[in-house]
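Colleague: here's a sequence, model it:
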Amino acid sequence: MHFRSVLLACSLVCIGNPAFAQWQPDSISTESLPTEYSSHWVWVDDMSFFHMIDGRAYLVDADSGRMLGMLSTGGIFNKLELPADSPEIYAAATFYARGTRGERTDAITIFDRSNLSAIGEVIIPAKRHTSMATLAHSTLTDDGRFMLVYNMTPAQSVSVVNIQQREFIGEISTPGCAMIYAAGDRQFNMLCGDGSLLTVTIDDSGEEVSKVRSAPFFDPQVDPVTEKAVRFGDRWLYVSFDGIAHPVTVADGKPEFAAIWSLISDEDREQSWRIGGIQHLAAHQRSDLLYSLVHQGGIDTHKDPGTEVWVYDINAKARVQRIELANIATSIQVSQDDEPLLLTAFIGASALDVYEAASGEYLRSIGELGETIGLIQTH
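Modeller: Here you go, the predicted structure:
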């Protein structure tokens, strides 16, 4: 049959079919989210590893499996900042004038929590650190006034932004020290290359007041800590490649180091159990429970995906639960309510797995969430 005959036949079918005649296009509408999110609404951060100028974050209802919305977060996206007492969300990212080339601009984009639209931005120095996503690339001070962004060019520093006033304040030089861990309304900590901790204090205007550097609290040549620490109130817990937990608090601008303890027993070590992953620790604040992603592997496998999640009472310094995962994972998170969910993802799977944290029961997988999930964030 000739092409014109086929086209004519298709035209006659379409004209003669009542279903086509009655077809109406979908109408376009918008919906708003409540400013107070459910505790089981989860942000799934996609680094878009294969086209990194197009980072995204997906908001998912972990109970229903429904995707509620998406943020276009920009280039080489690491994480969101989710203030507790603000209707806004912040994300630092990098943009180029011609997409993949041209003049570089680093900016903090400000999103409305209800409609997920971009409502503002703050330009920051074009030197923010870009690497595999961690929760320590940026942070908010505890009162939500300042956003802090870690820079590496390779000179190391921190950009300070009054996020409430939409104003870049300045840059604090932090040679030899990396990542940022909030430690109060006007303080933050950084890990240093010699195994020490730097505590920086700023004033109400965001200017540097003091920097105090501790003695080394771990040996970076023997058993370095990962940068993927978790926080319990005023305590930070840093865990080493070998599974040693280092608790740290800050008092009067100076870090205090409590007794170390091990997540891995001698029997576990004999079976080659190790921590590992992109986001391998999670904290449930109300119960003082630590969740750790683990796998069986050799030395230097601290980035490998995990097959189980082990749960610890951080006060008793003891494991209280083992959860066997339905699928391997590189990232974990736990919701902060009285009936928490354990959330896991594997960077190569584009899906969020949901478990009942108390029992470890696997509930569901939520698929088609971007391409390369780096971090999971809860409110």
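Colleague: buried set for the strand ranked longest in the chain?
Modeller: Taking DSSP state E as the assignment, the strand of the chain that covers the most residues is strand 318-329. Neighbour counts over strand 318-329 (16 or more other C-beta atoms under 10 Å) mark 319, 323, 325, 328, 329 as buried. The way it works is simple: take the backbone N, C-alpha and C, and place the C-beta from them, glycine included.
Colleague: can you list these in JSON lines and add distance to residue 232 and pLDDT?
Modeller: Listed next are the buried residues of strand 318-329 as JSON lines, based on distance: C-beta to C-beta, whole Å; pLDDT from 0 to 100:
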{"residue": "319", "distance to residue 232": "16", "pLDDT": "98"}
{"residue": "323", "distance to residue 232": "20", "pLDDT": "98"}
{"residue": "325", "distance to residue 232": "23", "pLDDT": "98"}
{"residue": "328", "distance to residue 232": "27", "pLDDT": "98"}
{"residue": "329", "distance to residue 232": "22", "pLDDT": "98"}
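Colleague: farthest pair in those?
Modeller: By the measure C-beta to C-beta, 319 and 328 form the most distant pair in those, at 20.4 Å.
Colleague: once you drop chain neighbours, what's closest to residue 91?
Modeller: Spatial nearest neighbour of residue 91, excluding adjacent residues (C-beta to C-beta, 6 or more residues apart in numbering): residue 73 at 4.5 Å.
Colleague: give the contact list for that neighbour.
Modeller: Contacts here follow C-beta atoms under 8 Å, 6 or more residues apart in numbering; on that basis residue 73 touches 45, 55, 56, 57, 80, 91, 93, 109.
Colleague: pull out the buried residues from whichever strand or helix holds residue 238.
Modeller: Take DSSP states H and E as the rule and residue 238 turns out to sit in strand 235-239. Taking 16+ other C-beta under 10 Å as the basis for neighbour counts, the residues of strand 235-239 that come out buried are 235, 236, 237, 238, 239.
Colleague: list the strands paired with that strand, with their directions.
Modeller: Here the strand partners of strand 235-239, with direction, are listed using DSSP bridges: strand 230-232 (antiparallel), strand 244-251 (antiparallel).
Colleague: okay if I get those strands as a markdown table plus mean pLDDT and distance to residue 270?
Modeller: Putting these into a markdown table (pLDDT from 0 to 100; distance: least, C-beta to C-beta, whole Å) gives the following:
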| stretch | mean pLDDT | distance to residue 270 |
| --- | --- | --- |
| strand 230-232 | 97 | 27 |
| strand 244-251 | 94 | 17 |
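Colleague: can I get the ones you listed in CSV with mean neighbour count and distance to residue 293?
Modeller: Output for the strands paired with strand 235-239, formatted as CSV (neighbours: other C-beta atoms under 10 Å; distance: least, C-beta to C-beta, whole Å):
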stretch, mean neighbour count, distance to residue 293
strand 230-232, 19, 12
strand 244-251, 18, 14
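Colleague: wait, which of those strands is closest to residue 269?
Modeller: strand 244-251 (11.6 Å).
Colleague: helix or strand right after the closest one?
Modeller: Trace forward from strand 244-251 with DSSP H and E and the next one is strand 254-257.
Colleague: can you list the strands that that next one pairs with?
Modeller: Those paired with strand 254-257 in the sheet (DSSP bridges) are strand 244-251 (antiparallel).
Colleague: ok now the strand it pairs with, how far from the chain's centre?
Modeller: Between the mean C-alpha location of strand 244-251 and the chain-wide mean there is a distance of 21 Å, by C-alpha atoms, centre = their mean, to the nearest Å.
Colleague: swap in stretch 227-244?
Modeller: Between the mean C-alpha position of stretch 227-244 and that of its chain there is a distance of 15 Å (C-alpha atoms, centre = their mean).
Colleague: repeat that for stretch 310-322.
Modeller: Between the centre of stretch 310-322 and the centre of its chain there are 23 Å (C-alpha atoms, centre = their mean).
Colleague: what's that stretch in contact with?
Modeller: Here stretch 310-322 makes contact (C-beta under 8 Å, 6+ apart) with 232, 237, 245, 247, 261, 263, 265, 288-292, 294, 308-309, 323, 360.
Colleague: hmm, residue 121 and residue 168 touching each other?
Modeller: No: the pair residue 168 and residue 121 does not pass the contact test of C-beta atoms under 8 Å, sitting 10.8 Å apart.
Colleague: which of the buried residues of strand 318-329 lies closest to residue 160?
Modeller: For the buried residues of strand 318-329, the closest approach to residue 160 (C-beta to C-beta) belongs to residue 329, at 34.4 Å.
Colleague: which residue packs closest to that closest one, ignoring adjacent ones?
Modeller: The shortest distance from residue 329 to any residue other than its chain neighbours is 3.8 Å, reached at residue 344 (C-beta to C-beta, 6+ apart).
Colleague: tell me how many other residues surround residue 115.
Modeller: Applying other C-beta atoms under 10 Å, we find 12 residues neighbouring residue 115.
Colleague: now do the strands in the stretch 201-350 of the chain.
Modeller: Using DSSP state E, counting those that start in this stretch, the strands of the stretch 201-350 of the chain run over residues 208-213, 230-232, 235-239, 244-251, 254-257, 261-262, 273-275, 281-284, 289-296, 306-313, 318-329, 331-334, 341-345.
Colleague: adjacent strands (with direction) for the longest one?
Modeller: By that I understand strand 318-329. Each strand pairing with strand 318-329, determined using DSSP bridges, is listed with its direction: strand 306-313 (antiparallel).
Colleague: got the angle between the partner strand and strand 341-345?
Modeller: Relative orientation of strand 306-313 and strand 341-345, computed by axes from the mean of the first three to the mean of the last three C-alpha atoms, to 10 degrees: 150 degrees.
Colleague: so residue 347 is in contact with residue 330, correct?
Modeller: Yes: using C-beta under 8 Å as the test, residue 347 is close enough to residue 330 to be in contact (4.8 Å).
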